[in-house]
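Trainee: this one's sequence-less:
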C-alpha cells in the first residue's frame, strides 16, 4: 500500500486536520469549506502594524552566521478584545522572525520541532542544496531537529521560509509557520532607496476566527480535498488585523509578501498614488516600474516604493484589495476590501530616491541556449489536483534537468475555473510570454512563482545552477499542493 492508500483507509495519521488548534476539535470535525464561518467583526485601523523582529545569530565565524529556531505553540494577541489566539510559531512570534543574510556569507539554521506533528522547513526562493531545500518528505519528527545550510549565493532579494510537510503544508502555514528571509548585498546598499526604519515588510494573509479568537482551519483529506483552497474573512498584515501604520512625509520601501493559502490580491491606494516597483521575488528589476496597482498570488513578493511627501500631516491613505471574484472565495468583496491604513503624522528629511537604473538581470538565462522544452499541465482530474494528469507520487520523477543548462518550460491551465500560482524549487525563471492578458511590467524580473489563471499558458526560461538532487514543482495554492498538484524534479 502506498501513502495514498494508507490515508484512504485511515492508517496514517496527519493527513486530515481539524482545528481550532490547541483545543478539542470535535466541535468542528465536520466543518468544510462549503460551510464558511463568519469571523467576529474586526474594526478597521484600530491596531498598529506589528513589525516582526530580526533574528540575531547565536554565533558567527569568518564565513557563516548560525541561528536557532524552535517551532512551538504559543498564544498571540490578534483580535482586539478577544483572548490570545493559539498558533504555531517560529520562536513564539507570528509571522516568524526575519532572517537577514548577507550575499557571500553562509547561513546555518537549526530548526527544533517542539510541535506534536512532523514539519519540514522550505526556504522559498533559496539557491540551496537538496538536503536543505525542505522537500515535503524530508520531515523533522516531533522532539527532533534538523540543520539547514543556506550558502550565500543568492542575489539581494526577499525570500521567505515556511513549512512544507507532505499533505499538511496548508494547515501548518495557515496556523503560523511562515517568516521573511532577506538577502542583502553591497550592490543593494549603494542604491539610494529607503533604508532602515523606512524599509518595511508587509506579509498579507487571510484567516478565519471563532468567537473566542481561535483560528479555524477546515478538515479535509485525500478523499475530500478542498476545491480551491482556504479563504479567510479577516485580513492580517504582519499578524495584525487591518492595522494602521504611522508614516512621515517621505518615501518608504514596502516589501509585500502574499502569505495566504489561496487568496489572490490586487493592491491599490485610496488616493490613486502609484507604486514604484523595484524588486520581484528573485531580485531587482533593471529599471523601476510605476504602476497604479499590482496583483500578488500566493507566495509572490514585490518590493515597491511609495512617496508620502505630497500629503499634508493628518492625511490617511488606505491600502485596498480591489481584486474581483477569485475562484472558490466564499466571501463578499466587502469583507476583504480594506487591508491597512497609512497615517501621515510628521515631516521628515528624505535623502532617498529611486534611481533610473537598479541592478541588471542575470545574463546566463538565454532562451536561445535552451536544451529542452517541457510542458506541465495543471488540472483537476477525477476530483484530484494533477500535473500532466498525474497526482504526486513519492517515487516518480517527472523531469531530469541537467546541471548548468537552460530549459524552457510551458505551464498550461486548461480551464475548469481554477487558478494556480506555479512555484519551482531551486531556480528563478524569466517569464517569456503569457497567452491572453499578457505579462505585467512588474513580471519581467526574476521570479520563482507566477500566477496561471484559467485557460492561460505561461512560458518561462530558467538555468539549473549550483546543485544536483531532488526538488519539486508545484502549485502554491497550498491545498492544491497538499492533494496532490506536485511533481518531483531530479537535477542531474
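Mentor: Received it, and whenever you're ready, just let me know what you need. None of the values given here were measured: they were computed from a predicted structure.
Trainee: pLDDT score for the closest residue in space to residue 236 that isn't next to it in sequence?
Mentor: With C-beta to C-beta, 6 or more residues apart in numbering as the criterion, residue 236 has its nearest non-adjacent residue at 4.9 Å, and that residue is residue 205. Heads up, the C-betas are built off the backbone N, CA and C, glycines and all. With respect to pLDDT, residue 205 has a value of 98.
Trainee: measure residue 205 to residue 452 for me?
Mentor: 21 Å (C-beta to C-beta, to the nearest Å).
Trainee: looking at those two now, which is surrounded by more residues?
Mentor: Comparing residue 205 with residue 452 by other C-beta atoms under 10 Å, the one with more neighbours is residue 205, at 24 against 21.
Trainee: my read: the more buried one touches residue 260, true?
Mentor: Yes - with contacts counted by C-beta atoms under 8 Å, residue 205 reaches residue 260, the gap being 5.0 Å.
Trainee: list the residues that contact both of the two?
Mentor: residue 232 (C-beta atoms under 8 Å, 6 or more residues apart in numbering).
Trainee: from memory residue 490 sits against residue 396, does it?
Mentor: No - the pair formed by residue 490 and residue 396 falls short of the contact definition of C-beta under 8 Å, at 10.3 Å.
Trainee: so between these two, which is more surrounded?
Mentor: Comparing residue 490 with residue 396 by neighbour count (other C-beta under 10 Å), the higher total belongs to residue 490, at 14 against 10.
Trainee: would you agree the more buried one falls within a helix?
Mentor: No - checked against DSSP: H, G, I helix; E, B strand; the rest coil, residue 490 lies outside a helix; its state is strand.
Trainee: mind listing the strands for the stretch 251-400 of the chain?
Mentor: Assigned by DSSP state E, counting those that start in this stretch, the strands in the stretch 251-400 of the chain fall at 251-258, 265-269, 275-280, 283-291, 294-296, 301-307, 316-321, 338-347, 370-381, 384-387.
Trainee: just send the ones you listed back as TSV, with mean neighbour count too.
Mentor: Formatted as TSV, the strands of the stretch 251-400 of the chain follow (neighbours: other C-beta atoms under 10 Å):
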stretch	mean neighbour count
strand 251-258	23
strand 265-269	20
strand 275-280	24
strand 283-291	19
strand 294-296	21
strand 301-307	23
strand 316-321	19
strand 338-347	18
strand 370-381	15
strand 384-387	22
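Trainee: least reliable of those strands going by mean pLDDT?
Mentor: It's strand 384-387: among the strands of the stretch 251-400 of the chain, that one has the lowest mean pLDDT, namely a mean of 92.
Trainee: which regions of this structure sit below the pLDDT cut-off?
Mentor: Within the chain, the stretches falling below the threshold (pLDDT under 70) are 1-37, 219-227.
Trainee: can you name the residues that contact the spatially most central residue of it?
Mentor: Nearest to the geometric centre of the chain sits residue 299, at 2.5 Å (C-alpha atoms, centre = their mean). Taking C-beta under 8 Å, 6+ apart as the criterion, residue 299 is in contact with 124, 160, 257-259, 421, 423, 449, 476.
Trainee: for the closest residue to residue 424 other than its chain neighbours, give the beta-bridge partners.
Mentor: The spatial neighbour of residue 424 that comes closest, neighbours along the chain excluded (C-beta to C-beta, 6+ apart), is residue 473 at 5.1 Å. When bridges are assigned using DSSP bridges, the partners listed for residue 473 are residue 424, residue 487.
Trainee: also residue 160?
Mentor: Taking DSSP bridges as the rule, residue 160 bridges to residue 124, residue 180.
Trainee: isn't it right up against residue 281?
Mentor: No - Residue 160 lies out of contact with residue 281 (C-beta under 8 Å); the separation is 9.3 Å.
Trainee: identify the contacts common to the two.
Mentor: 125, 301.
Trainee: which residue ranges of the protein form helices?
Mentor: When secondary structure is read from DSSP state H, the chain shows helices at 3-8, 169-174, 186-190, 478-482.
Trainee: out of the ones you listed, flag the one nearest residue 264.
Mentor: Ranking the helices of the chain by distance to residue 264, with C-beta to C-beta as the measure, places helix 478-482 first at 13.1 Å.
Trainee: just how off-centre is the closest one within its chain?
Mentor: Put simply, helix 478-482 sits 13 Å off its chain's centre (C-alpha atoms, centre = their mean, to the nearest Å).
Trainee: which strands and helices sit next to that helix?
Mentor: If contacts are counted by 3 or more C-beta pairs under 8 Å, 6 or more residues apart in numbering; DSSP states H and E, helix 478-482 sits against helix 169-174, strand 469-475.
Trainee: quick one: contacts of it?
Mentor: Contacts of helix 478-482 (C-beta under 8 Å, 6+ apart): 166-170, 173-174, 220, 225-226, 228-230, 261-262, 298, 385, 418, 420, 474-475.
Trainee: try 6 Å
Mentor: Residues outside helix 478-482 that contact it (C-beta atoms under 6 Å, 6 or more residues apart in numbering) are 167, 169-170, 173, 226, 229, 261, 385, 474-475.
Trainee: again, but for stretch 454-463
Mentor: Against stretch 454-463 from outside (C-beta under 6 Å, 6+ apart): 364-365, 367, 406, 408-413, 415, 417, 427, 429-436, 450, 452.
Trainee: could you count how many residues lie near the residue nearest to residue 115 when sequence neighbours are not counted?
Mentor: Counting by C-beta to C-beta, 6+ apart, residue 115 lies nearest to residue 71, which is 5.4 Å off, once chain neighbours are set aside. By other C-beta under 10 Å, the residues close to residue 71 number 25.
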